[in-house]
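Asks: Got a predicted structure plus its sequence, pasted below:
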Amino acid sequence: MYRRVSYMQMKKKKARRKRMIKAWCALIMAACIGGTSLALAVNAWAAPEDASAEEAAELNVQQEETGETISGNVALPETGEEMEKKEEGKLAVIIDPGHGGEDEGCAKEGVREKDVNLAIAKLVRDKLNGMGYQVIMTREEDAYIAKEERVENANASNADIYVSIHQNTFEDGAVEGIETWYDGSDSVRDSKRLAQLIHQETINTTGAVQRQIRDDAQLHVTGKTVMPACLIETGFLSNPGEREKLVSPEYQEQIAEGIVRGIDLYFHPKTMYLTFDDGPYVENTARVLDVLKARGIKATFFLVGENVEKNPEMAKRIAEEGHTIGIHCYSHDYKTIYQSVDSYVQDFEKAYQVIKETTGVEAQFFRFPGGSVNAYNKKVCKEIAEEMTARGFIYYDWNASMEDAVKNPNPEQLIANAKESTLGREKVVLLAHDVVYATGMCLDDLLDQLPEYRMEVLTEDLEPVHFQMK
């Protein structure tokens, strides 16, 4: 459990340090005046009558110097032991069981945070080792290691990520749940995604109350590490019910499993193919493109020929920014398009030419308006698919959807639709519509809530997702 020092506390500590400096200066001046006086003064400072009082005084000074940012943190000399280095060809994970030794962390009814942290960390270590990861522990026994030394050793190890395990406490014993921290001021490291995945997966395996993912961590282990880092507080020792669970091997196993799943997803994400239909449309498509550009994501846009003619500059921007362009149709008139194979091909060829002339792209992919099987094309869908395939084109349906092609869509509902429809699949082709205002408004939030997926464009190497034709 970490706590921050208030501004007033910092001022008081600075004042105490100034008083100490003045005292030492007085001693030095006394030394210049008379050696005998210095000897007496030093002897008086070095040999107080009460040894325990001396230890307490030294401890207070040490806590002031370190800022005492960790609850119960007892500042002791560094161990000087070097952490192992990353092995070539392996993914290396630093697992940091918080506190240790004289630093118990938070404690309640005989349950000490340092013990719970270490028990969970060892389970995480064993699971990751079994999966082929190299695990580097900041401590493997009940020993104190300063946070500065932990971070210094971690940075020297060249490990890939840093995960610190802690417990929480609060004056209200009813408060419970899992909370995860990362340094949101650093946009270079991928700490946010690491924190999201570990938090998400540990909630899933434990069923614990989901508290916040905090990006305002001012912690040494999250702020001074060079690799992505996060700190998870897996429960409240101040809550009697949660405390009882946290000391049980079964619950510790669940926590460890969640942390491990989060770590593994960080390194081995699932794949999502973002696809947008019906565009381009100036304002809404621009909003979607802005989000994708800011995140460095490429998507696939199935364009409507008529809209390309109306918004040629937006169609060009899609191509120029490296997105894949496919053909949706020219007119989007279901009844006309699906009258026959010939009527479909005629509409398709018109769209193909418009897109080619506008963007320079000779589109290879296409998506049936309404999908390959719908109420309008049941009689001809199979023949159309065979004809288009014979012409060398590849069609894609979808296996997840924002369901945004509705009247007055609600952004929160669109996010829920997308997340629920993925069904945890390893490969997801997500359907969305860049002409829908709400889609552009919620796209950034949606991507934030899908940390387990990396975003890719459709390629000819990918096995297409097809609806089943009868």
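Replies: Ah, there it is.
Asks: could you pull out the helices for the stretch 51-200 of the chain?
Replies: Ranges of helices in the stretch 51-200 of the chain, per DSSP state H, counting those that start in this stretch, are 51-66, 113-130, 147-157, 191-206.
Asks: same check, this time on the stretch 251-400 of the chain
Replies: Going by DSSP H, counting those that start in this stretch, the stretch 251-400 of the chain shows helices at 282-295, 305-310, 312-320, 334-337, 341-359, 381-390.
Asks: Out of the ones you listed, flag the one nearest residue 442.
Replies: helix 282-295 (9.7 Å; Cβ to Cβ). Where you see a C-beta, it was placed from the backbone N, CA and C, and this is true even at glycine.
Asks: Pull the residues that contact that closest one.
Replies: 274, 276, 279, 297-299, 311, 314, 317-318, 321, 323, 434-437, 439-441, 443-444, 447, 455 (Cβ atoms under 8 Å, 6 or more residues apart in numbering).
Asks: Show me which residues of that helix are buried.
Replies: Neighbour-count burial for helix 282-295 flags 284, 285, 286, 287, 288, 289, 291, 292 (criterion: 16 or more other Cβ atoms under 10 Å).
Asks: And for stretch 353-367?
Replies: 354, 355, 358, 359, 361, 363, 365, 366, 367.
Asks: now stretch 313-321
Replies: Residues of stretch 313-321 classed as buried: 314, 315, 316, 317, 318, 319 (neighbour count, 16+ other Cβ under 10 Å).
Asks: follow-up on the earlier one: of the helices of the stretch 51-200 of the chain, which shows the lowest average pLDDT?
Replies: Note on those: lowest mean pLDDT is at helix 51-66, with a mean of 35.
Asks: Give me the subset of the contacts of helix 282-295 lying in strands.
Replies: 274, 276, 455 (DSSP state E).
Asks: Show me the beta-bridge partners of the first one.
Replies: In this entry, residue 274 is beta-bridged to residue 430, by DSSP bridges.
Asks: Residue numbering should commence at 2 henceforth.
Replies: Yep, numbering from 2; the last one is residue 275 now.
Asks: give me the low-pLDDT residue ranges for the stretch 152-301 of the chain?
Replies: The stretch 152-301 of the chain contains no residues with pLDDT under 70.
Asks: Let me have the buried residues of helix 283-296 in JSON lines, extended by distance to residue 163.
Replies: Formatted as JSON lines, those follow (distance: Cβ to Cβ, whole Å):
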{"residue": "285", "distance to residue 163": "40"}
{"residue": "286", "distance to residue 163": "40"}
{"residue": "287", "distance to residue 163": "39"}
{"residue": "288", "distance to residue 163": "36"}
{"residue": "289", "distance to residue 163": "35"}
{"residue": "290", "distance to residue 163": "35"}
{"residue": "292", "distance to residue 163": "29"}
{"residue": "293", "distance to residue 163": "30"}
